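>>> Need coordinates for the below:
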Amino acid sequence: MAWGPDRWRFYRLVAREAARAIRAAAASLTASPDILARMRVTGLVIAPQDLRTSDATFADDIYAGLFVFAGRSLAASGGSPFDYAPPSPEWADELYGFGWLRHLRAADTALARANARAFVADFIAGRGDPALARQTPVAARRLISFLCQSPLVLEGADHAFYQSFLKAIARNAQQLERDLRRGVPPQWRLNAAVALCYAGLCCDGIQPILRRATRVLSRELDRQILTDGGHRSRDPRFAMELLLDLLPLRQSYLSRSVEPPVALLGAIDRMLPLLRLLRHPDASLSHFNGMGATDADHLATLLIYDGALAQPLMHAPNSGYERLEGARIVIVADVGASPPLPYSVNAGAGCLAFEMSSGPQRIVVNCGLPASGPDLRLLARSTPAHSTASVAQASSCRFLTRSGWWGERQVADWLIRRRGAVVLSGPTAVAAERAEDADRVVLAARHDGFAPDFGIIHERRWELVATAARVEGRDAFLRQGKAGSRARRRAQDVAIRFHLHPGIAVRGVPEGLELTSALGEIWQFRADNAEIALEESVYFSGLTGPRRTDQIALHLTVSEDVEVRWSFTRLASAPLRGVSPA
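Numbering: from 1, shown residues only. Take a look at the predicted model:
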C-alpha cells in the first residue's frame, strides 16, 4: 500500500471499524433487554411466497449427499453438510442461508420433507460453525427461508420439533434485532429490516417488532434506493435479490391487512424499470459491479411485475448506467463513479466499460463476478477484466487488499473479514452526456480514475448508427500537464480491451477482425491509431462456471494527448461455414 491518500483512507477506515466494534461491545453490556427477549413466538400465521424458482432434481442430489452451492460442491457421503469444512465462504453463506429448501419443497415427496426437517434439526441442534451462521445477511436469508418454507419443514413434524422450530425463528429474529441496534454495514441493515418485517407479519407473539422493523425498512429504502431505481452499491445482483424479497413482503402486508409502507411501494416501482435498462435480449443482466451469471427465471419473474412493459429505461444518471438501442443492437454502459465505501464490497473498476448485444447474442462482455473464490472475485473486479481501457495494467479503483508492512497486512485482514475488499478510492469526476435523433444515439463520458497515479484522463464516445448497423467508438487519453510525480510525467502503456462472449468466433482479415456468432451473424471490427491483438480471456459468468474466451486488445503508448477510433459493423447475416464458436 503506497503512501498517499489511499493509506490515510485505510487508517480512517480502521478507526471507524474499531469505533464500531467498541460501540457494539459496549451495547452488548449496557443495552436494555431486547424487545424479542420479552416475547415468544407462539405460532405461524402465514407462509410468504418464495418467488425464486426451484428445481426438484436438487432433491435427488441432496438424497445422494451432494450439495452444490455457489459453483462449488461437497459430497457429504451420507452425513450432514454441517459437519464438513465449507469449500468456499460463498458456499457456506448459501448452506447456512437455507434458501435451497425451496428445491426440496418443489420435489413434494415425503422423502424430501423428511430430509428438509432433518437438516433443519441438525442446524437447530448446533451442528456446524456458529460464526458462519451468524453473519447478518446469512441470518436474514435463513429467517426468510424458514418462514417461506415452513409448510415443507413442519408437515408431519411432531410437537417437540414444532416448538424447537419456533424457538429457532425467535432466536434468529432476536439476533437481527440486536444487529440493527449495534450497527452493521448499510446493506446488512436493509437485509435485517426486511427479514424482521417478514417475522413480524408471519409470527404470532412478536407483532410489536413489526412497527420498529417497518420504520427501519422505510428509512433504509429511502437512503439506499436512488431516484432512478438503482441501489447505492450499483450492484445489479443485490438489487435483483432485494426485489425478490420485497415483492412477497408487499403481499404479506396486504395478506395481514396492514398498509405497506410508502417507501416499500415506491422502491419497488423505481427498481423494476432499472432492471430493464440493464437487461440484454438474452434475458440476462449486464456484468457490472457485482453481477455474475443471471438466474434468467428469477429475472423473468420480476419483470412480470413491471407495469412499464413497452420500453425500458434508457438513462439512469443517479445509478450511472446508460442504454443505447437500435437496429437490434443493445449497448449498456457504466458511466458512474465508484459507490461510497460502505457499499463497495462488490464494486468493479469498470468505469466507461460497456457490453453489446445483437439480438439474443452477446458480443462484447465484461468478465463478470465468479460465484466463489475471493482471489478470483477480486481479479474479476479489476479494470482489465472489463471492456474499457487500463493504464499500465492498473485499475481505475484501489481496493482494500492484504498489502503493506506486516502490521498493516494483519489489520487489513481483519478489515476484509469485517467489511470485505471495499474500494478505498476510485474515479470521482465522472461526467456523461447523450444525444439522439431518428437514426443514431451518441453517448460521451470521461473519468479521472487514472489521474492521481498516471496523470491521464480517459474519455470515451459511443455512436450507435442504426441505419448502418454500426457502433463507432472513440477513446481519448488526455495528459494532465507536466507537474507531479515521475510516474505521472513519463509515457504510459495503455490497453483498450473488448472481451468477447464465448459464443463468438473471431479471425483476422485484411480489414481488421471478423467476428462470427453462433446465430450466423458476421461482424467486422476495425481500429485506427493502435495495434490490434487477439488475446485469451475468461468469462466468469457462464452458468456452468468459468469459460475460456477471447478478447480484442488495442495497445498504445500515451506520452501526450492521443485518440483511438474503433468500430463494430454488422455485415449481412450469413450461415456459418466451418467456423465453430469459442
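>>> from here on, contacts and neighbour counts on C-alpha atoms
OK.
>>> So in terms of bridging, what pairs with residue 465?
Beta-bridge pairing for residue 465 (DSSP bridges): residue 440, residue 470.
>>> Test my guess that it contacts residue 443.
No: between residue 465 and residue 443 there is no contact under Cα atoms under 8 Å: 11.8 Å.
>>> Who are the contact partners of residue 459?
When contacts are counted by Cα atoms under 8 Å, 6 or more residues apart in numbering, residue 459 touches 444-447, 475-478.
>>> ok, now with 7 Å
Residue 459 sits next to 445-447, 475-477 when contact means Cα atoms under 7 Å, 6 or more residues apart in numbering.
>>> Just confirm it is within a strand.
Yes: counting by DSSP: H, G, I helix; E, B strand; the rest coil, residue 459 falls inside a strand.
>>> hmm, back to that, of the contacts of residue 459, which is the nearest to residue 253?
Taking Cα to Cα as the measure, residue 253 lies nearest residue 445 of those, at 43.0 Å.
>>> Sticking with that closest one, tell me its helix or strand.
Here residue 445 sits within strand 440-447, counting by DSSP states H and E.
>>> okay, that strand in PDB with CA atoms only?
Only the C-alpha atoms of strand 440-447 are listed here, as PDB (Å, rounded to 0.1, in the frame of the first residue of the first chain):
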ATOM      1  CA  ARG A 440     -28.400   7.500 -34.100                       C
ATOM      2  CA  VAL A 441     -27.600   7.700 -30.400                       C
ATOM      3  CA  VAL A 442     -24.400   9.300 -29.100                       C
ATOM      4  CA  LEU A 443     -23.000   8.800 -25.600                       C
ATOM      5  CA  ALA A 444     -19.900  10.600 -24.400                       C
ATOM      6  CA  ALA A 445     -18.300  10.200 -20.900                       C
ATOM      7  CA  ARG A 446     -15.000  10.700 -19.100                       C
ATOM      8  CA  HIS A 447     -13.400   9.800 -15.800                       C
END
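>>> following that strand, which helix or strand comes up?
helix 451-454.
>>> Who are the packing partners of that next one?
helix 486-489 (3 or more Cα pairs under 7 Å, 6 or more residues apart in numbering; DSSP states H and E).
>>> what's the helix or strand just after the helix it packs on in contact with?
Next along the chain after helix 486-489, taking DSSP H and E as the criterion, comes strand 492-500. If you take Cα under 7 Å, 6+ apart as the criterion, strand 492-500 is touched by 363-366, 387-392, 537, 549-559.
>>> Which strands border strand 492-500, and is each parallel or antiparallel?
strand 361-365 (antiparallel), strand 389-391 (antiparallel), strand 547-558 (antiparallel).
>>> Might you report the residue contacts of residue 513?
Residue 513 touches 506-507, 524-526, counting by Cα under 7 Å, 6+ apart.
>>> returning to what we had before: point out the most buried one among the strands paired with strand 492-500.
strand 389-391 (a mean of 26; mean count of other Cα atoms under 10 Å).
>>> Look up phi and psi at the closest residue to residue 399 other than its chain neighbours.
Using Cα to Cα, 6 or more residues apart in numbering and skipping residues adjacent in sequence, the residue nearest residue 399 is residue 423, 4.4 Å away. Note on residue 423: its backbone torsions stand at phi -90, psi 120 [degrees, to the nearest 10].
>>> wait, doesn't residue 423 sit right on residue 401?
No: using Cα atoms under 7 Å, residue 423 makes no contact with residue 401, being 9.5 Å away.
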